[in-house]
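Visitor: how would this look folded up:
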Amino acid sequence: MLARNILQASFGCPGLSLAFPKKRISFLQTLTTGHSVFKTFRMDGKKEPEQSQDRTSAGADSATTAVPMEDTNPSSSAESSQTSSTEPGLLPGETVVREGKAAILFPSANEVFYNPVQEFNRDLTCAVITEFAREQLAQRGIRILVPGEKDRVVVRLSEEKNGTEDQEASEQPEKEQQKEEEDDKKEFITASVGERCEQGLRVLEGLAASGLRSVRFALEVPGLKSITANDYSAKAAALISRNAQHNNVSHILQASQRDASMVMYEARGKKERYDVIDLDPYGSPSPFLDAAVQAVSEGGLLCITCTDMAVMAGNSGETCYSKYGSMSIKSRYCHEMALRIILHSLDQRAAVYQRYIEPLLSVSVDFYIRVFVRVKTGQAVVKNSASKHALLYNCVGCGAFHLQRMGKKMSQGKHMKYSAATGPPVGPNCEHCRQRHQLGGPIWAEPIHDMKFVQKVLGAVSVNPTRFRTSKRIEGVLSMVTEELQDVPLYYVLDHLSSTVHCNTPPMLQFRSALLHAGYRVSLSHACKNAVKTDAPAGVLWDIIRCWEKSNPVKRERLSETSPAHRILSAEPALQACFEIREDANPQSRKRHLTRFQENPQANWGPKARAKAGGGISSELEDKRKQFQGKRKKPITDSSQLKSLPCKKFRKGTCTYGDKCCYSHELEQETNEKKMD
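Guide: Predicted coordinates for the structure are as follows:
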């Protein structure tokens, strides 16, 4: 026993561990890639006979002691520590993964149980639920205590306000201070993290896997009454229960092994509903949305993650329509459109039960989208649903788009009259390039963020940066969200505008300044680095591009007369653009050099494969992943090398070149024969 205690202490102190013989402790691996740091330790000593499972709780504490101390750098976007040992409480092959305040038992054989890439997702969710709990519990006379939080501040990035807005901005902090002083005089019940609050929030994580997210809720979010971590897998449910014991949160967190939809359908009663429902499935959440909008309480929080971005970004529009009731199209604004598609689907399903949604925060990051919405009930408000959604007309030539609302409402005294909208807003062909239009949607056409709520989350994260490892990235993303034009759906991409007419891309500050000089509003978007979100019509954007092209001319003799570039440039600009840089053209998030768009930290970075019975990832999938990795690093200079690549048109049956095709048809034939075998 004394030897084991010394051994455990050696893990907590790296200097001690080096003093032990190599036969006793071996440092197996230290892997540092980008922002991720993984440390794995192993004890090769002989096991003690008959390690019984009734010592799980004691072994869990020991295992936690053996985990290396986590890095305190909050700017790291994906960082974790792993420890593998033969201590009591850990099964063979298991690893302890530390993230936030949680230490999770992780089966090494199945890599799908833990994805370090999603740490930003989990950190942001903890921050959002904390602010939601602060609002909800304040109405019940409960004040939450967040570790490390001293003074509440409201972060204001915009310095562009003037006139009456300046006066309102100066008066608002005083009102908030007065409100806080009044709240201080009231008697509040305090709620701390890790403690069960009898009047607190009830949380459901429908697809919990290892239970990491739920454990973090229990350890980092105050004011919770109960957390139900559900998963259909028996192995996952058992692992959730062990992780709850391992982190000493069994009094708050309960494991459940059931179908997620059935759990939510049985909680449709007003007294059984959950205050917070979190759904983070592998792929599409569409099978669970109908149950989720019914099982969340009045004014409750619904957190949804979608990782099927290929479907929502336009690769399979018919699949998107079958899942979400909206046709996705390929476009430069596909990431924001994906957010509006899932919001449309949620509101449409909620309306069936006389409920409606209020988006609090909607973000597109990495390889997924994440939305936080509040669900309420009201038959009168549901009548507005048609006017909140719109069809989308997208030009296939120049990318100009127009929205067509599904319905309209008119005020008639004390009553509102609802009717079908009139349209369409465009002709058969685009007025700029004469190309045809694609029809997409319906999509959510209202604001996708609640600015007051986003400011609260941003202020809480900024004043307490050590709470999350990804605090800097959260601050950068939310700062961009606060700068977005809320009443302007979708955006243009500057690179695409210039490439359409084959001219050099103007600097972003000059292009934004030209729009401001013309009297229009403009902002960036958190969903795309070179996005131009503006209330200016497409004709104004093309006039600015025409003016820019005059000083950066293109070779028009090379342009086809039927091409969008020739037709756009052949028209004279009706607006003379001014490219003199304005001070307000540079947003505050850019001036402060906040972490806004993070680079991929390592190769093959992104979503993991679906779990399989035996655990792990098949070698066939790994080979498929690496097949086209780095294909552009070695450009093909000899046309004969193209024969080593399959012909995509032959696969679709549309290749008309036959044997003269420069790509290979044989590779596709061999693949089809293997599938038939």
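
Visitor: now the chain, which segments are flagged as low pLDDT?
Guide: 1-89, 108-113, 151-187, 599-639, 667-677 (pLDDT under 70).

Visitor: mind running it again at 80?
Guide: Applying pLDDT under 80 to the chain flags residues 1-94, 107-116, 150-188, 413, 595-644, 648, 650-654, 656, 659-660, 666-677.

Visitor: Pull stretch 240-251 out as PDB, backbone CA atoms only.
Guide: What follows is the C-alpha trace of stretch 240-251 in PDB, where atoms were taken according to Å, rounded to 0.1, in the frame of the first residue of the first chain:
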ATOM      1  CA  ILE A 240     -21.900   7.000 -17.600                       C
ATOM      2  CA  SER A 241     -22.700   5.500 -14.200                       C
ATOM      3  CA  ARG A 242     -19.100   4.800 -13.400                       C
ATOM      4  CA  ASN A 243     -18.100   8.300 -14.500                       C
ATOM      5  CA  ALA A 244     -20.700   9.800 -12.200                       C
ATOM      6  CA  GLN A 245     -19.200   7.900  -9.300                       C
ATOM      7  CA  HIS A 246     -15.700   8.700 -10.400                       C
ATOM      8  CA  ASN A 247     -16.400  12.400 -10.200                       C
ATOM      9  CA  ASN A 248     -18.600  12.200  -7.100                       C
ATOM     10  CA  VAL A 249     -21.700  13.600  -8.800                       C
ATOM     11  CA  SER A 250     -24.000  10.700  -8.400                       C
ATOM     12  CA  HIS A 251     -26.300  12.800  -6.300                       C
END
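
Visitor: List the residues that contact residue 102.
Guide: Residues in contact with residue 102, defined by CB atoms under 8 Å, 6 or more residues apart in numbering, are 212, 215-216, 219, 243, 247. Backbone N, C-alpha and C define where each C-beta goes, glycine included.

Visitor: nearest residue to it other than its sequence neighbours?
Guide: If the residues on either side of it in the chain are set aside, residue 102 comes closest to residue 215, at 4.3 Å by CB to CB, 6 or more residues apart in numbering.

Visitor: ok, back up a step: I'd like the contacts of residue 102 as TSV, with neighbour count appended.
Guide: TSV is the format used below for these (neighbours: other CB atoms under 10 Å):
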residue	neighbour count
212	29
215	28
216	22
219	20
243	27
247	25
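
Visitor: Helices of the stretch 401-550 of the chain, residue ranges please.
Guide: Counting by DSSP state H, counting those that start in this stretch, the stretch 401-550 of the chain has helices at residues 451-463, 471-483, 494-500, 508-517, 538-551.

Visitor: ok, of the contacts of residue 102, which one's closest to residue 652?
Guide: Ranked by distance to residue 652 (CB to CB), the contacts of residue 102 are led by residue 212 at 41.8 Å.

Visitor: what's that closest one in contact with, if anything?
Guide: Residue 212 makes contact with 97, 99, 102, 104, 114, 122, 243 under the criterion CB under 8 Å, 6+ apart.

Visitor: Can you give me the neighbour number for the fifth one?
Guide: What it means is residue 114. Look at residue 114: counted by other CB atoms under 10 Å, it has 21 neighbours.

Visitor: doesn't residue 96 make contact with it?
Guide: No - taking CB atoms under 8 Å as the contact criterion, residue 114 and residue 96 are not neighbours in contact, 10.9 Å apart.

Visitor: Now list whatever residues contact both of the two.
Guide: When contacts are counted by CB under 8 Å, 6+ apart, residue 114 and residue 96 are jointly contacted by 104, 106.

Visitor: and the contacts of residue 212 as a markdown table, adding distance to residue 345 and secondary structure?
Guide: Listed next are the contacts of residue 212 as a markdown table, based on distance: CB to CB, whole Å; DSSP: H, G, I helix; E, B strand; the rest coil:
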| residue | distance to residue 345 | secondary structure |
| --- | --- | --- |
| 97 | 33 | strand |
| 99 | 30 | strand |
| 102 | 31 | strand |
| 104 | 32 | strand |
| 114 | 28 | coil |
| 122 | 23 | helix |
| 243 | 32 | helix |
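
Visitor: ok so, going back, for the residue nearest to residue 102, which residues are in contact?
Guide: Contacts here follow CB under 8 Å, 6+ apart; on that basis residue 215 touches 102, 104, 243-244, 247, 249, 253.

Visitor: if we can go back for a sec, which ones among the contacts of residue 102 lie within helices?
Guide: Secondary-structure check on the contacts of residue 102 using DSSP state H: residues within helices are 212, 215-216, 219, 243.

Visitor: Closest one of those residues to residue 514?
Guide: Nearest to residue 514 among those, counting by CB to CB, is residue 216 at 46.0 Å.

Visitor: Around the residue nearest to residue 579 when sequence neighbours are not counted, how many other residues sit close by?
Guide: Counting by CB to CB, 6+ apart, residue 579 lies nearest to residue 510, which is 4.4 Å off, once chain neighbours are set aside. A count of neighbours around residue 510, defined by other CB under 10 Å, yields 17.

Visitor: Just to check, residue 510 is in contact with residue 577?
Guide: No - when contacts are counted by CB under 8 Å, residue 510 is not listed as touching residue 577 (9.2 Å).

Visitor: Name the SS class of residue 143, please.
Guide: Using DSSP: H, G, I helix; E, B strand; the rest coil, the structure places residue 143 in strand.

Visitor: close enough to count as contact, it and residue 191?
Guide: Yes - Residue 143 lies in contact with residue 191 (CB under 8 Å); the separation is 7.1 Å.

Visitor: all helices of the stretch 151-300 of the chain, in order?
Guide: 164-185, 212-220, 234-246, 260-265, 286-295.

Visitor: residues in contact with the shortest one?
Guide: Residues from elsewhere that reach helix 260-265, judged by CB under 8 Å, 6+ apart: 204, 206-207, 228, 230, 232, 256, 274, 277, 279, 287-288, 290-292, 294-295.

Visitor: Can I get the buried part of these as one PyMOL selection?
Guide: Applied in PyMOL, the following selects the buried portion of the contacts of helix 260-265 according to 16 or more other CB atoms under 10 Å:
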select buried, resi 204+206+207+228+230+232+256+274+277+279+288+290+291+292+294+295
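
Visitor: From residue 654, how far out is residue 590?
Guide: 44 Å (CB to CB, to the nearest Å).

Visitor: out of these two, which sits in the busier spot?
Guide: For residue 590 against residue 654, the residue with the higher neighbour count under other CB under 10 Å is residue 590, and the figures read 16 against 9.

Visitor: Please identify the helix or strand for that one.
Guide: Under DSSP states H and E, the secondary-structure element containing residue 590 is helix 588-591.

Visitor: In that helix, which residues are buried?
Guide: Along helix 588-591, the positions that meet the burial threshold by neighbour count (16+ other CB under 10 Å) are 588-590.

Visitor: same question, stretch 555-568
Guide: Buried residues in stretch 555-568, defined by neighbour count with 16+ other CB under 10 Å: 559, 563-568.

Visitor: Dump the C-alpha coordinates for that stretch into PDB.
Guide: Included here for stretch 555-568 are C-alpha records, laid out as PDB according to Å, rounded to 0.1, in the frame of the first residue of the first chain:
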ATOM      1  CA  LYS A 555      -8.500  41.000 -70.100                       C
ATOM      2  CA  ARG A 556     -12.000  41.200 -71.500                       C
ATOM      3  CA  GLU A 557     -11.100  39.700 -74.800                       C
ATOM      4  CA  ARG A 558     -10.700  36.400 -73.000                       C
ATOM      5  CA  LEU A 559     -14.200  36.500 -71.600                       C
ATOM      6  CA  SER A 560     -17.100  34.700 -73.300                       C
ATOM      7  CA  GLU A 561     -19.900  37.000 -74.300                       C
ATOM      8  CA  THR A 562     -22.400  34.700 -72.400                       C
ATOM      9  CA  SER A 563     -20.300  34.500 -69.200                       C
ATOM     10  CA  PRO A 564     -21.500  36.300 -66.100                       C
ATOM     11  CA  ALA A 565     -18.200  38.300 -66.000                       C
ATOM     12  CA  HIS A 566     -18.700  39.800 -69.400                       C
ATOM     13  CA  ARG A 567     -22.400  40.700 -68.800                       C
ATOM     14  CA  ILE A 568     -21.600  42.300 -65.400                       C
END
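
Visitor: Nice, that's everything, thank you.
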